[in-house]
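Undergrad: Build the 3D model from these lines:
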Amino acid sequence: MLCLAAGDAAWAHNCRCRNRGVMFELGQLSCLHVDGTSYLARCEMKLNVSSWTKIQDECPITQMIRG
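TA: Model (predicted):
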């Protein structure tokens with residue numbers, strides 16, 4: 001499938017990224033684990049291909065607060 005990088009055209013072709021078997025829509029964030037390191041990335045279009053773009057080192061940590 002050819003995905004065009006021209007804004008709405010990419011959305012029309014249902015371009016998505018995959019991380020650990022889960023599909024992500026363009027613009028969504030995910031924590032990627034590569035070669036023993038983790039980082040936060042966003043699903044984006046680059047040269048007509050969906051790709052992960054690094055947003056920050058390490059991934060945010062969520063904690064459950066017990067009351």
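
Undergrad: isn't Ile55 right up against Leu29?
TA: Yes. Contact status for Ile55 versus Leu29: in contact at 6.7 Å, counting by C-beta atoms under 8 Å. (Each C-beta comes from the backbone N, C-alpha and C, glycine too.)

Undergrad: Show me whatever sits in contact with both of those two.
TA: Residues touching both Ile55 and Leu29 by C-beta atoms under 8 Å, 6 or more residues apart in numbering: Leu40, Ala41, Arg42.

Undergrad: any low-confidence regions in the protein?
TA: For the chain, the stretches flagged by pLDDT under 70 are 1-13, 62-67.

Undergrad: just the strands in the protein please.
TA: 16-19, 22-25, 29-34, 37-46, 49-57 (DSSP state E).

Undergrad: hmm, back to that, can you tell me which of the shared contacts of Ile55 and Leu29 is nearest Asn19?
TA: Asn19 lies nearest to Ala41 out of the shared contacts of Ile55 and Leu29, by C-beta to C-beta, at 8.1 Å.

Undergrad: wait, isn't the closest one in contact with Trp52?
TA: Yes. In terms of C-beta under 8 Å, Ala41 counts as a neighbour of Trp52; the distance is 4.0 Å.

Undergrad: got any residues that touch both of those two?
TA: Joint contacts of Ala41 and Trp52 (C-beta under 8 Å, 6+ apart) are Ser30, Leu32.

Undergrad: thinking again about what came up before, okay if I get the strands of the chain as TSV plus mean neighbour count?
TA: As requested, these are exported to TSV (neighbours: other C-beta atoms under 10 Å):
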stretch	mean neighbour count
strand 16-19	16
strand 22-25	13
strand 29-34	14
strand 37-46	16
strand 49-57	13
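
Undergrad: Check the spacing between the most centrally placed residue in the chain and Glu25 real quick.
TA: Among the residues of the chain, the one closest to the centroid is Cys43, at 3.0 Å (C-alpha atoms, centre = their mean). For Cys43, the distance to Glu25 equals 7 Å [C-beta to C-beta, to the nearest Å].
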